[in-house]
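Trainee: Give me a 3D structure for the following:
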Amino acid sequence: MRRYVAAIDQGTTSSRCIVFDRSGRVIGVAQREHEQIFPRPGWVEHDPETIWRNIEFVLEAVLDRVGIGPRDLAAVGVTNQRETTVVWDRATGVPIHNAIVWQDTRTDRLCVELGGEFGPTRYQDRTGLPLSTYFAGPKVRWILDHVPGARERAQAGELCFGTIDSWVLWRLTGLHITDVTNASRTLLMDLRALRWDRRICAEIGVPEAMLPRIRSSSEVYGEIAAGPLAGVPVAGILGDQQAATFGQACLSPGEAKNTYGTGNFMLLNTGTTPVPSKHGLLTTVCYQLGAQPAVYALEGSIAVTGSLVQWLRDNLGIIHSADEIEPLAGSVPDNGGAYIVPAFSGLFAPRWRPDARGVIAGLTRYVNRAHLARAVLESTAFQTCEVMDAMRADAESQRMRLELTTLKVDGGMVGNDLLMQFQSDILDVPVVRPVVNETTALGAAYAAGLAVGFWSGTDDIRANWAADKIWRPTMSAADRAAYLANWNKAVERTYNWV
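Mentor: Numbering: from 1, shown residues only. Below is the predicted model of the structure:
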């Protein structure tokens, strides 16, 4: 009996496999981290072969822990860090370069060159995205320009490009495919036609012969060829933030969620029409279920939130483990006047300043390690507030109905009560954490399960969602305004650094 659905969640810092039952409850989890490679300042890479070995490990480990086999699984879904770019040999499957991670900034000059007289908005009307180091297209171009012989091999059809979902699907099934959500993060896809844009591919310098086929987010793509899940159909693919939106049951226009991970990502469902942003947000595909029309979203992408906690731990040694930050930050009543703006990779939404670099502002002799720990957490809430303000402004300009009465949250940082309370205070709305916090993997599982009839429809997803904890605002309007004014002053000091 096919009692469960599994999700492979390949993230920025680790790979996981999670098994869910019909109610969306977690039955078992296996996880393994991979190395973050920093060849130069601003460069971030992963080893694709290590990622694949880790996926093989977690697939076997989760089955052993739960005590089930492939015959117990109705389907497998895949969700992934989105813009991270892999190029590999079509015949051997061997990558020709390390994966270039979404945080990497090595293509900054290339993006300026590609913008030319039009600037960063050159392709935004067709792709929904500004020209930025964030997206995959320029990363592919960089690999083709810097690996000897790569361009000629790509033009001859000997190389495959893919975001991490494509890499994982290739190793699982031998198929070279991606879904609409991941394709929409490459700067190479026409957002409305849902196909590769030939002109943009030519101008950026990415041969069409190396591109995967674009499919919907929920359909049977093929069966796993070998390994512990051999014979199980892969039936869902969603980029991680779209998967979290789906897992949070944000299925109607106007519903929004915020994921707190390595970075923060807020998505607002805008329905079946893509909404262009005038306030620094991205227009992206939210999901597509089989042959149904695609659903779109506005997204605010923040590069550094959870990874700032890692920086505090690994680079400064102020804490020894991530769970130490909350009691340390809670040992002081406020930030002591200190603000940390983590523009390690420039600033993403809504400011889009690749020239920015991180600052710590407001330092005095009074400030200690606890104040800095608190400033680290508060920076996540401040950046989220900026994105929400931009969403409200875009919604008003499009005459969309957006009444943010609550914010649904998920991700690794939502177990931090101090952060969630401050987030509620600075937004002046309740913040709601669901019972099942693994919404990214759950969204991929839902997409796969819907494709094979494990769940009958999206009403089942809505019925499974339930609130676990709610934080309500307690901060005065005057204090909120003072915090935000000081934050804005600190952010402006990051500009024009590079």
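
Trainee: What ranges does the stretch 201-350 of the chain have for its helices?
Mentor: 240-247, 306-314, 325-329 (DSSP state H, counting those that start in this stretch).

Trainee: Show me the strands in the stretch 1-150 of the chain, by range?
Mentor: 4-10, 14-20, 26-33, 45-46, 73-80, 85-89, 99-100 (DSSP state E, counting those that start in this stretch).

Trainee: would you turn these into TSV with mean neighbour count?
Mentor: In short, each C-beta sits where N, CA and C put it, glycine included. Formatted as TSV, those follow (neighbours: other Cβ atoms under 10 Å):
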stretch	mean neighbour count
strand 4-10	27
strand 14-20	24
strand 26-33	17
strand 45-46	20
strand 73-80	28
strand 85-89	23
strand 99-100	26
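
Trainee: right, so of those strands, which gets closest to Ala297?
Mentor: strand 73-80 (15.4 Å; Cβ to Cβ).

Trainee: Who are the packing partners of the closest one?
Mentor: With contacts defined as 3 or more Cβ pairs under 8 Å, 6 or more residues apart in numbering; DSSP states H and E, strand 73-80 has these neighbours: strand 4-10, helix 164-173, strand 233-239, helix 240-247, helix 439-451.

Trainee: any chance of those in CSV, with mean pLDDT and distance to Val304 too?
Mentor: CSV is the format used below for those (pLDDT from 0 to 100; distance: least, Cβ to Cβ, whole Å):
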stretch, mean pLDDT, distance to Val304
strand 4-10, 96, 20
helix 164-173, 96, 20
strand 233-239, 97, 19
helix 240-247, 93, 15
helix 439-451, 96, 19
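
Trainee: now those as CSV including distance to Leu211?
Mentor: Formatted as CSV, the helices and strands packed on strand 73-80 follow (distance: least, Cβ to Cβ, whole Å):
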stretch, distance to Leu211
strand 4-10, 20
helix 164-173, 9
strand 233-239, 15
helix 240-247, 20
helix 439-451, 22
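
Trainee: And these: which comes nearest Glu386?
Mentor: helix 240-247 (17.1 Å).

Trainee: ok so, going back, now render the strands of the stretch 1-150 of the chain as JSON lines, adding distance to Asp190.
Mentor: Shown next, in JSON lines, are the strands of the stretch 1-150 of the chain (distance: least, Cβ to Cβ, whole Å):
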{"stretch": "strand 4-10", "distance to Asp190": "26"}
{"stretch": "strand 14-20", "distance to Asp190": "31"}
{"stretch": "strand 26-33", "distance to Asp190": "36"}
{"stretch": "strand 45-46", "distance to Asp190": "29"}
{"stretch": "strand 73-80", "distance to Asp190": "22"}
{"stretch": "strand 85-89", "distance to Asp190": "19"}
{"stretch": "strand 99-100", "distance to Asp190": "23"}
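
Trainee: what's the most buried one of the helices of the stretch 201-350 of the chain?
Mentor: Each of those was scored by mean neighbour count; the highest is helix 240-247, a mean of 32, by mean count of other Cβ atoms under 10 Å.

Trainee: Tell me which of the helices of the stretch 201-350 of the chain lies nearest to Pro354.
Mentor: Judging those by Cβ to Cβ, what sits closest to Pro354 is helix 306-314, at 17.5 Å.

Trainee: Show me what the mean pLDDT comes to for that closest one.
Mentor: Averaged over helix 306-314, pLDDT sits at 93.

Trainee: Helices of the stretch 351-498 of the chain, residue ranges please.
Mentor: Using DSSP H, counting those that start in this stretch, helices in the stretch 351-498 of the chain cover 369-397, 417-427, 439-451, 458-464, 477-492.

Trainee: Give me whichever of these is most buried.
Mentor: Of those, the one with the most neighbours on average (mean count of other Cβ under 10 Å) is helix 439-451, at a mean of 31.

Trainee: Helix 164-173 and that helix, what's the angle between them?
Mentor: On the basis of axes from the mean of the first three to the mean of the last three Cα atoms, to 10 degrees, helix 439-451 is oriented at 50 degrees to helix 164-173.

Trainee: now for helix 439-451, which elements pack on it?
Mentor: strand 4-10, strand 14-20, strand 73-80, strand 218-223, strand 233-239, helix 240-247, strand 256-260, strand 407-411.

Trainee: Kindly reformat these as TSV containing distance to Trp196.
Mentor: Below are the helices and strands packed on helix 439-451 laid out as TSV (distance: least, Cβ to Cβ, whole Å):
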stretch	distance to Trp196
strand 4-10	23
strand 14-20	28
strand 73-80	19
strand 218-223	18
strand 233-239	17
helix 240-247	19
strand 256-260	27
strand 407-411	31
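
Trainee: related to what we said a few turns ago, identify whichever of the helices of the stretch 201-350 of the chain lies nearest to Arg493.
Mentor: Proximity to Arg493 (Cβ to Cβ) singles out helix 306-314 among the helices of the stretch 201-350 of the chain, at 17.0 Å.

Trainee: by contact count, what packs against the closest one?
Mentor: Helix 306-314 sits against helix 369-397, with contacts defined as 3+ Cβ pairs under 8 Å, 6+ apart.

Trainee: Please give the centre-to-centre distance between the helix it packs on and its chain.
Mentor: Distance, stretch centre to chain centre, for helix 369-397: 17 Å (Cα atoms, centre = their mean, to the nearest Å).

Trainee: quick check: angle from that helix to helix 417-427?
Mentor: 40 degrees.

Trainee: Quickly note the distance from the residue sitting furthest away from the middle of the chain to Arg462.
Mentor: The centre of the chain is farthest from one residue, Arg365, which by Cα atoms, centre = their mean lies 37.7 Å away. Distance of Arg365 to Arg462, computed by Cβ to Cβ, to the nearest Å: 54 Å.

Trainee: Equivalent analysis for Arg357, please.
Mentor: Taking Cβ to Cβ, one finds Arg357 at 43 Å from Arg462.

Trainee: for this structure, what are the low-confidence residue spans?
Mentor: Along the chain, segments meeting pLDDT under 70 span 1, 397-404.

Trainee: domains of it?
Mentor: For the chain, the structural domains run 4-240, 249-434+466-497, going by the TED database.

Trainee: And these: which comes nearest Thr458?
Mentor: Comparing the domains of the chain against Thr458 with Cβ to Cβ, the closest turns out to be domain 249-434+466-497 (5.4 Å).

Trainee: which parts of stretch 116-132 are buried?
Mentor: Neighbour-count burial for stretch 116-132, counted by 16 or more other Cβ atoms under 10 Å, picks out 120, 122-124, 126-132.

Trainee: JSON lines please, covering those and showing distance to Gly24.
Mentor: Converted to JSON lines, these look like this (distance: Cβ to Cβ, whole Å):
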{"residue": "Pro120", "distance to Gly24": "39"}
{"residue": "Arg122", "distance to Gly24": "42"}
{"residue": "Tyr123", "distance to Gly24": "38"}
{"residue": "Gln124", "distance to Gly24": "36"}
{"residue": "Arg126", "distance to Gly24": "36"}
{"residue": "Thr127", "distance to Gly24": "33"}
{"residue": "Gly128", "distance to Gly24": "30"}
{"residue": "Leu129", "distance to Gly24": "31"}
{"residue": "Pro130", "distance to Gly24": "35"}
{"residue": "Leu131", "distance to Gly24": "38"}
{"residue": "Ser132", "distance to Gly24": "34"}
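
Trainee: of all those, which two lie farthest apart?
Mentor: Spatially, the most separated pair among the buried residues of stretch 116-132 is Arg126 and Ser132, at 15.1 Å (Cβ to Cβ).

Trainee: for the residue nearest to Glu203 when sequence neighbours are not counted, what are its contacts?
Mentor: Leaving aside its chain neighbours, Glu203 sits nearest to Leu114 (7.1 Å; criterion: Cβ to Cβ, 6 or more residues apart in numbering). Applying Cβ atoms under 8 Å, 6 or more residues apart in numbering, we find Leu114 in contact with 122, 131, 138, 203-204.
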